[in-house]
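Engineer: Sequence and predicted structure, then a few things I'm wondering about:
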Amino acid sequence: MLDYLSQPMPWYVAGPLIGLTLPLLLIVGNKTFGISSSFQHMCAAVLPKKFPYFDYDWKTKGKWHLQLSLGIILGGVLASFFTPKGYTIQLAESTVTHLRELGITNFSGYVPAELFNWEVLGTAPGLIMLVLGGLLIGFGTRYASGCTSGHAITGLATLQKASLIAVIGFFIGGIISTYFLLPIILN
């Protein structure tokens, strides 16, 4: 049983589970699924009220989003305990070939060790990815009025045109990052 749990969930199981979660949230508690508003609620809880964007009653508006954030963090911690040592993600051979051409050879764990480790963080490419990536994600989330999960799951399911435009933008940004920016950063 634990061996089965250590494998990635097939798309034909995970997709419908995510798809069925949204109506359940809407019907049971009139709640939406998205994580970026959680950051706004956290800031409202700790920052002085002199910032108008954060000056609202976060205790009544933000409770669900803070619970969702805590659940995501706890889920990640639990997953780390149940992930077998030496676990390697399953990638398409064409992806492995492309990544090897970029100098990424260690595929143990969930993320490439050449990109995500403490030693890389102090290098120029590591700092560029951390700082520039963080700024772009923060700006994009605010500019799009939501994050990828909020737009792609809640927004598309409720047929919002803005979410469709945002999701198209997310995919274009991902393609640009993968095929143009990542090779520049790694070389």
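Structural biologist: Nice, thanks for sending it over.
Engineer: Every contact and neighbour count from this point should use C-alpha atoms.
Structural biologist: Fine.
Engineer: so where's the chain shaky on pLDDT?
Structural biologist: With pLDDT under 70 as the threshold, the chain has low-confidence stretches at 1-7.
Engineer: Domains in it, by residue range?
Structural biologist: Following automatic domain parsing, one finds the domains of the chain at 1-82, 88-112, 117-187.
Engineer: export those domains to TSV and tack on mean neighbour count?
Structural biologist: TSV is the format used below for the domains of the chain (neighbours: other C-alpha atoms under 10 Å):
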stretch	mean neighbour count
domain 1-82	13
domain 88-112	13
domain 117-187	15
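Engineer: Double-check Leu99 against Phe107; I have them as touching.
Structural biologist: No - with contact defined as C-alpha atoms under 8 Å, Leu99 does not reach Phe107; the gap is 9.7 Å.
Engineer: Let me see the ranges of the helices in the chain.
Structural biologist: 2-5, 11-29, 36-46, 58-61, 63-82, 93-101, 118-121, 124-127, 133-143, 148-149, 156-157, 161-176, 182-186 (DSSP state H).
Engineer: for these, which one sits closest to Pro52?
Structural biologist: Checking those against Pro52 by C-alpha to C-alpha gives helix 36-46 as the closest, at 9.6 Å.
Engineer: tell me the angle of the closest one relative to helix 133-143?
Structural biologist: Computed by axes from the mean of the first three to the mean of the last three C-alpha atoms, to 10 degrees, the angle separating helix 36-46 from helix 133-143 equals 100 degrees.
Engineer: Residues contacting helix 36-46, please?
Structural biologist: 54-56, 58, 61-62, 65-66, 69, 141, 146-147, 150 (C-alpha atoms under 8 Å, 6 or more residues apart in numbering).
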